[in-house]
Structure formats: structure tokens, C-alpha cells
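Colleague: using only what follows, build the 3D model:
(2 chains)
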Amino acid sequence: MAQSGDQVVDQIAQLNAARNLVLGDAAFYPQIVNGVLPIIGAHARVELRRWGSEFLAETFASPAFATTQKEQLAINVLQTVRNILELPEGDQLVLQNIAQTAASLYPLVFRHIINHPEDKQSWEHIEAIKQDILRRWDSFPCPVKVCCIKFAQRVVLAQTHGPIADPRRPDKNETSLAILPRNHAILSLPNLEAESSGLLDRILSVFHEDASDPILVNATLNCLATLVRTRQSVGNKIINAILNFFPARHARSPVTPAVRIGVKSMERTARAVFINIMKRNPSHPLAGKMQQHIERLMQSRIGHVDDTSRKRGLPTEPTDGLDAAKRARLDAETPPIIKVPPLPSGRISFAQLFTLTEDSGLSSFDVKQLPPDLVVKIAVPLLARVDQSLLSQAVDAIRMRYETVQKQQMAQPQPAAEEEDDDYEPEYQPMDVPGSAANEAGAVSAALQEEQPDLVSLGPFVLPRPPPLSEEQAAEAGRGAVARVFGMLGSTTLAPNLVKGQGQLGFSRLAGSTFDRDAWVTLLTRLATRAPAGLEGPKLEADYAGRRKPTISDTIRESLYRYILEDFRGRVNVGIMWLNEEWYNDRLQMKVASSNRAEDDEEVSVPLHYDHWVLRLLDGFLPYLDSRDTKIFIRFLSEIPEVTISIAKRITSLAKDPERVNLCVQSFMYLVMFRPPAREICLNALEEVYLTYEESRPSAGKVLSRWRPQRVEQLQAEQTTLVTRTVDSQTPSSTVTNGSRDPRTAHAAAY
Amino acid sequence: MPYDPRLAGAGTAAQGSPAPPPPPSEAAAATVAAQSSTEQTASHKLRFCTVCASNQNRSMEAHLRLSTAESPFPVISFGTGSLVRLPGPSITQPNVYNFNSTSYSQMYDELLSKDERLYRNNGILNMLDRNRNVKWGPERFQDWVPGLPRVDHVSKGDKGALGTEGGVVDVIITCEERCWDAVVDDLMNKGSTLNKPVHVFNVDIKDNHEEALVGGKAILELATRLNEVAIQEQTALGAGGWENGTGDARRSFDEKVPEVLGSWQEKWPNLPALWTLAWL
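Modeller: Numbers count the residues shown, from 1 in each chain, chains lettered A, B, ... in the order given. The predicted structure follows:
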């Protein structure tokens, strides 16, 4: 039974009637859609399929049809849509409609699956539809490709994190990954996210192609604004992709009208996207770049393509004749035009140059006769009331006069100029300035009689060098500068250095090159230690003999010392850095001195700073050290360049406080374990602690028993007798410390 | 309940329609398809939308031209301004009306009673009289919900309403760059929920009666050229025809749009044109 053409026409007429019905009342959609599905399916004739796919596209796009109902209906049509899509024939119109339908269906089904994880069948259908469209995207004819772009945009929109409008009402929220539970049975969040990310790249790839089709580019651009607006996570990626896109580059060599229209349209659409984004979010971090890009696009288009059809000039009348704001205001009062008398011929004075009035009485009036306060009283209200246009006219007139005079003088040879230059007195005497200013009219005009030719062409003015600073002044200025740098270190404006950034620099970093807080500290420590090296040696001797005046480097050291003590826990690294610099400098000084000695063959003493300052710093913060500061203290001890006997003594003193005994023992233990050069010193000190402070015995005993097992036994043996012979026990212990002097000094020399 | 009678008829029609018949024999199908497709494609019409600032002069002239052409196009029209502004007795006293709620007839009556001589001489009454015969009143583009059915406009007898019942158009033509910008921007704001592509053109027309007449003519020509290309595509696609076509015939309507506009622009160099492909 062949279906006649009449039958098809009849059927389509009936279907159109059904469509009119649902257009009148959307409540009939479920009934009608379910009714027509068998007629328009994959087995139907192409005309019916075209009609049906268009109807489905319209149905699932219709704003009149409620979303919840659409969602239910969407499940029913999936099978049909899939079958039509998978037909080998591939009618372009049907495919266009199917791609549009799929774009509308995708978020609906996605939401359905989120709420119904058990409906594997539907997910399978929509996945098949999606994969089929994405696979055939590039081979589709152009109009279908356009619809594929939109489909991909819908998928990205659904599979990225969107805003949560109201967490209490999940049904009100937009369909996005944000409403997908992490433990969903079918949908895996990372997979969906990865897929959408790849899909977005594919959408944006149109901007990287060499010869982009304006249709595809415009279709892409126009659907990106929504993504940028509602999906923050991908917004910047999209904007950057558009920023790197220059439509003018796509102008192929024969610039036909069609090419010109294509380039112009891409440029204008990109502009529209940026304007749309910036309007919604004027403080967008990329707003400046977008603005620049818009301007660049305009320029490049005018340069490349748009040589023939430049913009029209201003229309002869306003484009919107009804808009009052656009009409030029013609009723504004024009200010009276002032009359500018011509300048007298020949040489003129400044007074003449600036005189605009022709009243001889007024121009000869000497203002200097008036007391200054009276002049102020008159001038201020006068200036406040002066007519803006009159003032600008007058200024313009004077400027004109000045320029003509200047031109005349440039034309004339200036015989007097050289003489004047020779006589030029470079001594700058500021006291003269107010006087000459006060003289103004009269005196200037008198003086002008002689200096006329030099009126405009003054020679270059060289500021005289300041007198040399005295030593005190220089030191004072130096201290001031140091104080300023410390003030800056203390202030919060200087960003704390980023640990991450430093880590990246690694060994290749250059001290003081990052311009953060650390850089300034480095600068200060080196200024204190290295800068005056070799200069202060002999002077120090003189200082010891005579008055003791702090040098600049000592000022910095003092300041550093205070700076560290202000917050030694936070600034212990500054201290370590500083002490290392001191130590290093001491070594260098000693080396230089020894090489000098070889030549001169006489005793040279080098001022050494490390020992002095390390002890001072320790003495400074030891009293404040807490039993919880173990880490900071051990770090300090481990990173300073040299541990001496005096330092060990300072550590020993910690044990006086029963609360800090552990801190003391742990510090020693660390040094013994990880600082072999200082091991002997520390073990000796620890023995002393063990003997002197009873609280330390359990912990100190453990350390000693590991490192000096024989001594511990000996000491323990002594302790048993200690009960009876308290007084005698002091003697051997002191001999022990004395006895161990030699190895200590040996170590210090070897270090 | 104006739809009840149709409901009964249509409902049975849909449900009573026979199950998918077996595919007809190849030969019969080919001839039948050829017949039906030529019938269909000859009547194929792009749906248009014209836009200016106040939906009074330029967009309405174009609306009238398109809807009363020899073979009339489905057409709707809008304004992008915030209010409908008509010239008043002086430049500072325009007559201002709200979009969507004031009919052209109301405006006509009001201005007629205010100062008939003035509004007759400046052509406003003439324009409003033309407009009220085209459709009920000015509509604002930003308030338009694409896809929302417009069946009531058909029953009201708006010109060009036939074919736009679905509330969807294929082509939007604005009459000023400002309006083109507003339309493209507003379509982005609407979020393109329909997933349907739409070509947005601008044809720059000065806002006076004479230019509007010239512009209307030009827009009709552009529409006709576009529709010809669309019909070519339909014919080529008609039941396997696409496979037989070669070269230029195979290229789709969308692909030809820039060329159509380019050749149109050469004929109308004084109406600078602009185009993009946006989404409804």
C-alpha cells in the first residue's frame, strides 16, 4: 500500500492543526507529542520526519511549556530522537532540528538522571545521542554544524559548576554539576567535568583555525556570553580565547564584499560579547584587556579591510529626531568677544605683552602702590567671579601675542645673547626670587630696557652642586636612611615574601633581587658587614683611644639587633642571615689581613664582630625564651655559622630555670647529634648541666649515656657517694671542664 | 474557552492518525516527493522581525512592506528604546508612551485631539494611521519572549502574523546600529534558551519618513534575496535532491548569507549593513 502524496499533505495539515492547538494551550503538549511520536519516527517519510523533528525542537524550547513537564516528556522521546539521528540517510533539515532538540533535551535529561539514578536506559540514550552528534559534528553540513556548536554549549553548561541560587530549593537551581551529588550511581563528576572541559576546547578551537568561517565564529561568539556569565570557572579561559582572536587576520586575499562583511561581523560580535560581559560585571579583572581589544579590533579592521566603506560622517540631522539630548543647543548665550589691541611695534616689555586694555590711565597704574593685603582682598573675589570664557579668550590672546613675539625673535639674529651667556652667574640665590617677583611691572620694564633680546631665550639653568656634607651630617643622613629602611620593614605595606616563589628560585636565586622584605634585610646585613670592611679597621683603633662614636655599620647592627629582638620568634631568620654575614665577613677580613701581613710583616689586628653580636643577640632573647620555643631555638643554634664555648655556656644557663631544662637538654642533644664540630663543646657543657642541675639528670643522662657511656657510669658512681661527700664532688667536675679546654680550642681553630 | 472546538477536532486527528504505514515503492515515492516538495518549497517563507528605536517609523514601514509584498512574508516588529517617543510641539516636549500597553489608535486619537494641524503637517498622524492598520501597538524587543506563541496576534489580524504563531523568527533586521547592538546584547542576556540560530542584520536608515520609505524598499529586497536562497536550499534538499546538486547548489542558506548581503550592499551603498548569527 503506497502512501500517496495527498495522504502526506493531509497528514501534515492534520499535524499543523495539532500544533496550532498546543500553541494555543501548552497543557496539550504531552498528549500531542505522545500522539505524534509514532507518525514522525525513523520509519516515517522524510517530510513527516522534518515536520516532526521541527515540532520536537519547538516543543522542548517552548517557554510556555513548564520545565517539569518537559522533563517527563523528554524521557518519552529519547528513543525516537536517537533512532532518527542514527538513520544513515541524514537529511540536513532533520539533522538541524534534531541537533536543536538534543540541545534542549540534554539539560532536561541530565537533571532527570540526577534525580533518578536508577533510569540507566535514558542515560544510555542521551549518551548515544551526544556521542553520535559529537562524532559527526565535523562532517555535518554547515547549518547542522552551527546547531552542534549550540548543543556543545548546552552540554558544557550542564557539565560545569553553576551558581546555587537557593540551597533549600534544589528544584529552583539551574541544571549544572553543582546539583549533582558526589556519590551518584551513574554520573561520575570528574568524568563529566573532563568531558565538558574538552568540549569547551573544541568549541573554542574555531578561534585558532586559519580560515575561520564567519558563520561558525559568530555562532560560537554569540553563545559564549552565557557561559562566561554563569560559569565562573571557565569564564577567563573563554575571554582569553576571544582576546587572542583577530578577525582581520582571516581576510582572504581577494577582499570581496562578502569577506568584508564576514570580518566586520566577527569583529562586531566579539565586541558585543565583551560589552555584554563588562556591562554585567564592570569590575571584571579582564575588563581593561577587553576594552583594549575592542579598540584594537576597530583599528585592525579599518586598516585591513574596511578601506572603502568608512563610517559615514555625522548625519546631517540627528539619527533619532525625537531624542532631545541629541540636538545641538543653539539657545546658549555666546559670551561677548573681547577686543585685543595690537601690540606696539618694536621692542615690547612684559607689561605691554600682558596689557589688554587700551585705557592709558589703567595701564599706567602702578599696582605696587597698594598694600599687599588690599591686593589680596580685591584679587580673590575678582578671580572667583571672573567669566570663564572671557578668561580663556584673554589667555588665548596673550598666547598669540607671545608666540608672534617669539617667532620674530627667532627670526632676528641675537648678537647680545652670547655675551649674556658668558656673564651668566650660576650661583643660585633663592633669596632674590621673591624680590624680583614683587618688583614685577615697574622694575621689570626698567630692566627690560637693557635685557630685551634675552626676553624669551634664557639659557639652560644648572643647579649648583650642594656644599659637601660634613662627616656628622653624612653619618646623620646615613642613619636616617637606615631608619627609613627599617621603618619600611616594619610596616605592613611591604608584602611578605612568598615562600612558594622562593622555593621555585632555588639555588639560582640572587640575594636581594626579589625586592621583597627579604631583599631589604639582605641589603641591610651586607651594608652593615661588608660595606665598611677595611675602612674602619684603623679608625676603630683611634676610636678606642679617643671618643667612642658609633660608625654607620654599628648603627645598622644596633638597629638590626633591636629589630630582631622586637619579635625574635618571627625574625629569627633575619638574625641567622645577619650572623652568617658577620661570620663570613670576619673570615674574609682575616684572610685579607693575613695576606697583607705577609707583605708588611707586621701585626695587623682585624675587628671581629661575629662573637660579639652572637652573644649579644643570645643574651637579648634568652630571658624571653619559652619552654615551647624549642623549634625556634634549635633552628637558631643549628643555622648560626659557629657554636663557641661562650654560646654553650649561654645555653647551659637555660637549665637554671626548671621549666627550660628540657629546652636546654634538647638543644644540646641536637647539636651533639647534627653538629659534629661542636659535639665536644656541647657534651662538656651537658655534663656540667648534668652535674649542676638535678632536674636535668633523667633527660641529660640519656643523652650522655649514648655519647659518653663511661663518663655517665663514672658520674653515677660519684653521685652515689655525693650524698655523703657533697663538697668534694664539686672538685672533680670542675677539673673535668677545665680538662676539656684543650680539645675545645682545637676544635674552634679547626672549624 | 475559544480553543475548545478546535481541541476536540485536533485531538482526535492526532490520536486517530494511522500507525506509520509501510514505506512506499521507490518510484512512487520519488514522484510524489518531487511534487510535494515543489509545492512546499514554493511557499517556503523565512520569518522576519524588524526592529527600530520606537517601533513606529522605520521598523513599521518595513513591517508593512514585508507583510504586504506580492508574496507576503511572516513578520513581527519591535522597538529597542525604553519608551515610545514621538515628536511634540517642541524638541523638549516629546509625546512619550509606554511600550506594549498603548495602541497606535490611542496615540492617534490623543494627538488628533491635541493639535491636529501640527501632527497632520509633520506626518505623525499619517504614520500612526498606517501603523494602526498593520498591528495593534508598539512592542518592546527586550520584553519579547522568543518562542512564546503569538496565536492571538493572528486572531487580532496583525499584518504578517500568519506564520509567526510559534513566536520564532529566522531573520531579525534592525534599522540602526544602536538597535543592532541592543538586539545582539539582549539576545545574549536572554540566554539563548531556544537553541535556535537567527541571523541579525542591520540596515542603517535615517529616522525620517522619506528615508524610511527607501529603507523599507531596501529591506524588502534583502528579504526577497534571502528567501530566494532559502528556497534554493529547500529545493536542493527536497527528498534526495541535495545529493544530486553540485557546487554552489549544495551550499546552504546560512553559508550564502554574507554573499547575499554583500551583493545587496553593492546595490544599496548608502545603507551600511551589518550582520551576525545569534541565538534565540
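Colleague: hey, let's count contacts and neighbours off CA atoms from now on
Modeller: OK.
Colleague: residues near A:Ala27, how many?
Modeller: 15 (other C-alpha atoms under 10 Å in any protein chain shown).
Colleague: in contact with the nearest residue to it once chain neighbours are set aside, which residues are there?
Modeller: Excluding the flanking residues, the one nearest A:Ala27 by C-alpha to C-alpha, 6 or more residues apart in numbering or on different chains is A:Phe65, at 7.4 Å. For A:Phe65, the contact set (C-alpha atoms under 8 Å, 6 or more residues apart in numbering or on different chains) comprises A:Ala26, A:Ala27, A:Tyr29, A:Thr59.
Colleague: can you show me the helices along chain B?
Modeller: Under the criterion DSSP state H, chain B contains helices at B:4-16, B:26-42, B:58-67, B:104-121, B:124-132, B:151-156, B:177-190, B:209-237, B:241-244, B:253-267.
Colleague: now tabulate those helices in TSV and tack on mean pLDDT, mean neighbour count and distance to chain A.
Modeller: Shown next, in TSV, are these (pLDDT from 0 to 100; neighbours: other C-alpha atoms under 10 Å in any protein chain shown; distance: least, C-alpha to the nearest C-alpha, whole Å):
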stretch	mean pLDDT	mean neighbour count	distance to chain A
helix B:4-16	40	15	5
helix B:26-42	46	16	5
helix B:58-67	95	27	11
helix B:104-121	94	16	14
helix B:124-132	94	20	12
helix B:151-156	88	14	7
helix B:177-190	94	21	6
helix B:209-237	90	20	7
helix B:241-244	45	14	9
helix B:253-267	91	19	5
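Colleague: out of the ones you listed, which gets nearest to A:Ser470?
Modeller: Of all those, it is helix B:177-190 that lies closest to A:Ser470, at 70.8 Å by C-alpha to C-alpha.
Colleague: who are the packing partners of the closest one?
Modeller: Contacts defined by 3 or more C-alpha pairs under 8 Å, 6 or more residues apart in numbering or on different chains; DSSP states H and E place helix B:177-190 against helix A:214-230, helix A:257-280, strand B:197-203, strand B:273-279.
Colleague: quick one: that helix to helix A:214-230, angle?
Modeller: Per axes from the mean of the first three to the mean of the last three C-alpha atoms, to 10 degrees, the angle that helix B:177-190 makes with helix A:214-230 is 60 degrees.
Colleague: tell me which residues are up against helix B:177-190.
Modeller: Helix B:177-190 has contacts (C-alpha under 8 Å, 6+ apart) with A:222-223, A:225-226, A:272-273, A:276, B:51-53, B:80, B:141-142, B:174, B:200-204, B:278-280.
Colleague: how far off centre is it?
Modeller: Taking C-alpha atoms, centre = their mean, to the nearest Å, one finds helix B:177-190 lying 16 Å from the centre of the chain it belongs to.
Colleague: now the residue nearest to A:Ala27: phi and psi?
Modeller: When read as degrees, to the nearest 10, the backbone of A:Phe65 gives phi -100, psi 120.
Colleague: any idea how far it is from A:Tyr29?
Modeller: A:Phe65 sits 8 Å away from A:Tyr29, going by C-alpha to C-alpha, to the nearest Å.
Colleague: overlap in contacts, the two.
Modeller: By C-alpha under 8 Å, 6+ apart, A:Phe65 and A:Tyr29 have these common neighbours: A:Thr59.
Colleague: bridging residues for B:Tyr97?
Modeller: When assigned by DSSP bridges, B:Tyr97 has beta-bridge partners B:Val84.
Colleague: what's it in contact with, if anything?
Modeller: Going by C-alpha under 8 Å, 6+ apart, B:Tyr97 touches B:Leu83, B:Val84, B:Arg85.
Colleague: could you tell me which of the contacts of A:Phe65 count as buried?
Modeller: A:Ala26, A:Tyr29, A:Thr59 (16 or more other C-alpha atoms under 10 Å in any protein chain shown).
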